[in-house]
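Visitor: 3D model of this:
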Amino acid sequence: MPVNHSLRGAGLHREMRGKSSDASMESRSLEEFRLSDLARIAQARLRLVIVTMLAVVALAMIAVLLIPPRYSATSVVLLDPRKNNVADVSAVVSELPVDPASVADQIQILNSRDLAGRVIDRLGLANDPDFNPALSPGFFQTEMSAEQERNAEIDALKRHLTVETVGLSTAIEITYSARDPEKAARIANAIADIYIATEVDAKLNATTATTDWLQSRIGQLSHQVQAAEANVQAYKAEHNINETADGTSLLDQQLAAINAQLVEAKSDLAEKQANQGRIDSLMKDGHANDVSQVVSSPLIVQLREQQAEIIRNEADLATRYGPKHPKLIAAQNQEKDLQAKIDQETDRIAGSVGNDVSVARAHVGSLQASLRNVETEATDQNMARVRLKALEANAASTRSMYEAFVVRLRETQNPIGVPDARVISHASAPSAPSFPPRLLILAASVPAGLLLGLLFALLAERFGGAVQPATRTVRNPALDRLRAVPVLGELQGASARAAEDVIEWPSAPVSRGIAAIAQRLRGAKVVAVTDAPVVTAALARAASAQGRRVIVIDGNLTMPSAARSLNLPLGRTGLMEVLGGKAPLSAALQRDPRSQALVLSPAWRAQDPIQVLGSRQMGELIAHLRQSCDLVLIDAPASDAPVLARLADAVALVVPENTASPETVLATVDALRAPVGLILAR
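Guide: Now for the predicted structure:
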């Protein structure tokens, strides 16, 4: 077979890597197998391929005819999330949730051994030889116990049962396969029906158990309520605590009434005392006539009217008869009698006001005494009420619990078993077998036979002799010569961030490869790296991290890129100024911000790069740097690499994958005319 001379794939990289790690790989076979070789072998051994394919198809047909068919029947159960508000007003067991975990739980119930046992009992499958191995004894059949027979029957049922959900819905498919289609449908429907009945029984059992517990608890609470209320009434009778219909204490009402009367009596006493003081003051000052009670007294008004009439008569008599006339004297005496009566009535009125004050004061004292007595009784009763409140709270709490249990018991009486699932599709007897898939087996036997025939043809070609042995291999002289070139290393995953990865990700494959190459370059002072500024920058940082004094010279005078690979801008002073003697070397050097490496790059493009790089000044600069640095890396473009190779101790030729043939790489090595080491970049 001819050899592929291109570098596509990993062929050259495997050859070069194997050469650097194991010298025995130089004797590796260069044979490569192509699709055209497979076609040639198939054509040469067409008869073997066709016979093999026909044999496979024939075997498939025989297998399809011999395998007993099985029929699958499917019933569908729907987990209904809707709640029956009539039947389950207050259900003991909450409705079935329809989240994925709950649906998976129902699938486990349908697959359970208990449910399978109930199906076997209902359908009498214990008497079916397909399920009971004891009914179909074989040569190696052993005696089985009843428990072993039961487990074998359940295993036989579960072996052909499939339960799965329908897409993202809450419907569950129950599929059973059997040799008899009627039996398959009967078992699938029985599983669905028994599952629904099991759900109903579970709800009824839970409700019944809850009802029994509620009745027992209500009986206990009834006795507790009666005892608590009896304790309340006995305590009231013992401490003489009486209450009105609204729950207010009679002592509290009496206390409030006495307080109201006392306030009213004190107000009346104050008013009467103020009135008495006013009267006493007026009478002491001789102004008894200004007393309002005197002024408003009917008797005094009448006496004053008589007194006024007598005074008029007296004036008339004095004018008419003189001061010594008997009539005038009689009138004056009559006036004195009236005044004495008025004074007597005034004194009586003043005395009655004092009596009123005494009565009011006595009334206030009586009310205060009554209030003190009631307050004493109320204090004693309040102390008793503290205990009464606790007894009443206990009785109320017990009654509330009793009433809640009674309500719950009424809600759970006569429960209706409504399941949360229903059968939406009963299984019917299938008309076609589900196993084996005859058409699929026959269709798959054709390509399987072809592949097996090709395999036999390849084996025959390998062990039975080649059809065309003269065209098996072709030697490639260029690849043989290229194996003699040493391989410095291999870079896996090299990218534009290789220089950054050396600092940020030292454990990356490309970072480890760069570090290994930098370690191998310790024997050379000046190394030219061909047309790979990113690799040059990464090598500079790796060598600097190893403690070496490194300087990078950008040899690309038309398109400088080594500085940009280290995130450095092009300066105003560069390589041209140093070579022309216009600036010292120290002014043109730039330091890498992430390592101790120095960079010397051109500040402007040269018209004739080859003349500049091959000049005497360039040689003197390299000689100077050789003395002052541990490693000088020259980024050499492909066009100027032969010129820079003469200034270097060695050349690192970066060979990217899928770019060139072995002949092209070998031509580049020959053109450099310097010690060359390969860097394989993948």
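
Visitor: quick check, Arg648 in a helix?
Guide: Let me fix one detail, which is that residue 648 is Ala and not Arg. No. Under the criterion used here (DSSP: H, G, I helix; E, B strand; the rest coil), Ala648 is coil, not part of a helix.

Visitor: Which residues are in contact with it?
Guide: Neighbouring residues of Ala648 by C-beta atoms under 8 Å, 6 or more residues apart in numbering: Ala524, Val526, Val527, Ala528, Ile634, Ala674. For the C-beta atoms, the positions are set from N, CA and C on the backbone; glycine is no exception.

Visitor: Once you drop chain neighbours, what's closest to it?
Guide: Ala528 (4.1 Å; C-beta to C-beta, 6 or more residues apart in numbering).

Visitor: Quick check: mean pLDDT of the helix or strand where that neighbour lies?
Guide: Applying DSSP states H and E as the criterion places Ala528 in strand 526-530. Mean per-residue pLDDT for strand 526-530: 92.

Visitor: After it, which helix or strand is next? Please name it.
Guide: Moving toward the C-terminus from strand 526-530, the next helix or strand (DSSP H and E) is helix 533-545.

Visitor: Packing partners of that next one?
Guide: helix 498-504, helix 509-520, strand 526-530, strand 550-554, helix 562-565, strand 631-636, strand 650-656 (3 or more C-beta pairs under 8 Å, 6 or more residues apart in numbering; DSSP states H and E).

Visitor: CA atoms only: put the following helix or strand past the fifth one into CSV for me.
Guide: Going back to what we said before, that points to helix 562-565. Following helix 562-565 in sequence order, the next helix or strand is helix 575-579 (DSSP H and E). Coordinates of each C-alpha in helix 575-579 appear next as CSV, following Å, rounded to 0.1, in the frame of the first residue of the first chain:
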residue,chain,number,x,y,z
LEU,A,575,17.1,47.6,17.2
MET,A,576,17.8,49.9,14.3
GLU,A,577,19.0,52.7,16.5
VAL,A,578,21.3,50.4,18.5
LEU,A,579,22.8,48.9,15.3
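
Visitor: Report the buried residues of the helix or strand that helix 575-579 is followed by.
Guide: Heading C-terminal from helix 575-579, the first helix or strand you meet, by DSSP H and E, is helix 585-588. By 16 or more other C-beta atoms under 10 Å, the buried positions in helix 585-588 come out as Leu585, Ala588.

Visitor: Please state the offset of helix 585-588 from the chain centre?
Guide: 61 Å (C-alpha atoms, centre = their mean, to the nearest Å).

Visitor: got it, and stretch 525-537?
Guide: Distance, centroid of stretch 525-537 to centroid of chain: 52 Å (C-alpha atoms, centre = their mean).

Visitor: Same check on stretch 392-408?
Guide: Centroid separation for stretch 392-408 versus its chain: 42 Å, with C-alpha atoms, centre = their mean.

Visitor: Now do it: everything it contacts.
Guide: Ser90, Leu214, Arg217, Ile218, Leu221, Ser222, Gln224, Val225, Ala228, Glu229, Asn231, Val232.

Visitor: for stretch 604-618, same thing?
Guide: Under C-beta under 8 Å, 6+ apart, the answer for stretch 604-618 is 555, 557-559, 574, 576, 579-581, 639-640, 643-644, 646-647.

Visitor: from those, which would you call buried?
Guide: Gly555, Leu557, Gly574, Met576, Leu579, Asp640, Val643, Leu644, Leu647.

Visitor: Looking at these, which is nearest Leu450?
Guide: Asp640 (57.6 Å; C-beta to C-beta).

Visitor: can you tell me which residues contact the closest one?
Guide: Gly555, Asn556, Leu557, Pro609, Ile610, Leu613.

Visitor: So which bits of the strand or helix carrying Met618 are buried?
Guide: Using DSSP H and E, Met618 sits in helix 616-628. The neighbour-count check on helix 616-628 (16+ other C-beta under 10 Å) flags Met618, Leu621, Ile622, Leu625 as buried.

Visitor: Farthest-apart pair in those, please.
Guide: Every pair of the buried residues of helix 616-628 checked by C-beta to C-beta; the farthest is Met618 and Leu625, at 10.8 Å.
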